[in-house]
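In: Could you look at this predicted model? Sequence included:
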Amino acid sequence: MSQIKTGAFLNYVIIFLTNAVGLFITPFILNHIGKNEYGVYTAIGALVGTISVLDLGLNNTIVRFVAKYRAQNDRKGEENFLATTMLIYLCISSIIVILGFSFYGHIDSYFTKLTLEEIQIAKTIFILLIFNLAIGLPGGSFVGICYGYEIFVFPKTINIIRYILRTAVVVAILTIGGKAIALVIIDTVFNILFMSVEAYYVFFIIKARFKLHEFKIKYVKQIFSYSLWIFVFSLVSMLQWKAGHWVLGRIATAEVLTIYGIGIVLGTYYGAFSTAISSVFLPRATRMTVGNATGEELTSMMIKIGRISFIVLMYILGGFLILGNQFVYLWVGRELGIEGSFETWLIALLIMLAYTLPLVQGFGNSILEAKNKLSFKAILYLSFMVIGATFGAILAKSYGALGMISGTVTGWLIVQHAMNIYYHRIIGLNIFRFFKELLHRTFWVVLLIFTIGYAISYIPGTGWINFIVKGTGYSIVYALLMYTMGIIEFEKQLFKNAFLPIVKKLKLK
């Protein structure tokens, strides 16, 4: 149990580091390499990241099958499975290299709005990232093996160390004049170094073995039958977060790519806060589903998790809606200017607005997984992500980055409303009750807080101190009004349980 509990704690550390360090490092990188080079860096990263879907869900499959073979005490089956997956990975890496070299010669004709210097930077970054991907996908299997052995502390600790060291090295290299290519070289070195450490741990500490005792097509079919829907959701994620980079890379300048890329980064940070809260309840929720809980019982749990997520998300959304434009300008405004900062804020805000409902209903995904109903959601999401990306591409011709994200989030909104019909009619969740109890007390309190927050935003001033004063005022208003008027007794008890130990320790001191 210590591995699971410590691993869960380290998960939160990783979430915090990803968000906190990301907020610091983004303007630092942007300031040192310039907005045009940053745009090239993010666009090529997204392009190569698209190819990473060729993982085909194998990493998750490794976790599942290694755990299965260990439970059955089948050492031979485990060795054969790992050897088979490594052969599949070698094929995938070969395809990645072939695709990489095939596209390399067309970079200058695809990115039509980039200068010759930017094209050369793009080509160098592209080759380095293709190499990273070709070795990184098979290397990721070592982490999957650790998870299959129920070893969580080591890989997560390594991930934290890597993140901290990488940040320190990036700051040092950029300070002495490094540019975008230097960033990719740093990542390449770190990939090789830490992958070697993970490989050593797998081979010499837990003593896993890759040995092909027999090769049969049925083993390959078994592997891919499990990984198919994981692969489909990877395609969905790719279309959500990377399709805009493909489209804008074709028709927009490097500066537009930067504005879009930073807006996407801010939007993705939003979900991490909700996940950190709701994931605490998911194991219990999954047990309910497996235990044949009724639709009303599942709805009650979905409401509990949804309300907590909603309260956290409304604090962030309200703060970003009211003070976000000022924050983005202070954060990256020196490089993007007033108009660029405003557009970045608007892109992030649209993502947050569209992302709120899926995050609040995140428990629904656990229900679908437990009931083996993920295939419907996967196909529905994939279809509407394609439609949304296509609509965004049409709008992008006239409205640039804002047009692209508008089309994309339209697809998100439509598919989530379609999922609510599915939850209600097929899964048996009481969606009308869900929304009624989700908004019970919170809706009017949120409106009141946003109104007061809007008045707070008129405090004169423009600098960081002014922003901190406004943000502190908004936070105090939100905490007081939500606690006294918005939350129910169950949520108050959760709050007390979370903070009472801290208060007691302070009193003892």
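Out: In hand now; what should we look at? Residues are numbered from 1 along each chain as shown.

In: any idea which helix or strand comes after the helix or strand hosting Ala199?
Out: Ala199 belongs to helix 180-200 when elements are defined using DSSP states H and E. Heading C-terminal from helix 180-200, the first helix or strand you meet, by DSSP H and E, is helix 217-251.

In: Which other helices and strands does that following helix contact?
Out: In terms of contacts (3 or more C-beta pairs under 8 Å, 6 or more residues apart in numbering; DSSP states H and E), helix 217-251 is packed against helix 35-51, helix 58-71, helix 75-104, helix 254-278, helix 374-422. (C-beta placed from N, C-alpha, C; glycine too.)

In: Let me know the distance separating the residue nearest to Ile379 when sequence neighbours are not counted from Ser375.
Out: Using C-beta to C-beta, 6 or more residues apart in numbering and skipping the chain neighbours, the partner closest in space to Ile379 is Val232 (7.3 Å). Distance of Val232 to Ser375, computed by C-beta to C-beta, to the nearest Å: 8 Å.

In: So those two - more neighbours on which side?
Out: Taking other C-beta atoms under 10 Å, Val232 and Ser375 do not tie; Val232 has more neighbours (19 against 12).

In: is it true that that one touches Leu382?
Out: Yes: the pair Val232 and Leu382 passes the contact test of C-beta atoms under 8 Å, sitting 5.8 Å apart.

In: thinking again about what came up before, OK, contacts around the residue nearest to Ile379?
Out: Val232 is in contact with Ala378, Ile379, Leu382, counting by C-beta atoms under 8 Å, 6 or more residues apart in numbering.

In: Please tabulate the helices and strands packed on helix 217-251 in a markdown table and include mean pLDDT and distance to Ile431 as additional columns.
Out: As requested, those are arranged in a markdown table below (pLDDT from 0 to 100; distance: least, C-beta to C-beta, whole Å):
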| stretch | mean pLDDT | distance to Ile431 |
| --- | --- | --- |
| helix 35-51 | 84 | 34 |
| helix 58-71 | 78 | 29 |
| helix 75-104 | 87 | 40 |
| helix 254-278 | 78 | 18 |
| helix 374-422 | 89 | 5 |
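
In: just to revisit the earlier point, now, which of the contacts of Val232 sits nearest Ser102?
Out: Among the contacts of Val232, Leu382 lies closest to Ser102 (C-beta to C-beta), at 24.9 Å.

In: can you list contacts of stretch 403-418?
Out: Stretch 403-418 is contacted by residues 240, 243-244, 247-248, 260, 263, 347, 350-351, 353-355, 357-358, 361, 380-381, 383-397, 399 when judged by C-beta under 8 Å, 6+ apart.

In: of those, buried ones?
Out: Neighbour counting with 16 or more other C-beta atoms under 10 Å marks 240, 243-244, 247-248, 260, 263, 347, 350-351, 353-355, 357-358, 361, 380-381, 384-385, 387-389, 391-393, 395-396 as buried within these.

In: tell me the phi and psi of Phe111?
Out: phi -90, psi 80 (degrees, to the nearest 10).

In: Provide a list of residues in contact with it.
Out: Phe111 sits next to Ala43, Glu118, Ile119, Ala122, Gly249, Arg250 when contact means C-beta under 8 Å, 6+ apart.

In: Now the buried members of these.
Out: Among these, the ones that count as buried by 16+ other C-beta under 10 Å are Ala43, Glu118, Ile119, Ala122, Gly249.

In: quick check, nearest of those residues to Val153?
Out: Nearest to Val153 out of these is Ala43 (C-beta to C-beta; 36.3 Å).

In: close enough to count as contact, that closest one and Ile251?
Out: No: here Ala43 lies out of contact with Ile251, judged by C-beta under 8 Å, at a distance of 11.8 Å.

In: any idea how far Val53 is from Asn59?
Out: In this view, Val53 and Asn59 are 12 Å apart by C-beta to C-beta.

In: likewise Leu480?
Out: For Leu480, the distance to Asn59 equals 45 Å [C-beta to C-beta].

In: Which one of those two is surrounded by more residues?
Out: Neighbour count, other C-beta under 10 Å: between Leu480 and Asn59, Asn59 has more, with 20 against 11.

In: between the helix or strand harbouring Glu335 and helix 254-278, how many degrees?
Out: For Glu335, the host element (DSSP H and E) is helix 295-360. If you take axes from the mean of the first three to the mean of the last three C-alpha atoms, to 10 degrees, helix 295-360 sits at 150 degrees to helix 254-278.

In: What sits closest to Thr175 if chain neighbours are left out?
Out: Leaving aside its sequence neighbours, Thr175 sits nearest to His32 (C-beta to C-beta, 6+ apart; 7.5 Å).

In: Roughly how far does that neighbour sit from Tyr110?
Out: His32 sits 27 Å away from Tyr110, going by C-beta to C-beta.

In: Between these two, point out the one with more neighbours.
Out: Shown here are His32 and Tyr110; by other C-beta under 10 Å, His32 has more neighbours (22 against 14).

In: List the residues that contact that one.
Out: Neighbour list for His32: Leu174, Thr175, Gly178, Lys179 [criterion: C-beta under 8 Å, 6+ apart].

In: Report the helix or strand with the lowest average pLDDT across the chain.
Out: Lowest mean confidence among the helices and strands of the chain (mean pLDDT, DSSP states H and E): helix 282-290, at a mean of 57.
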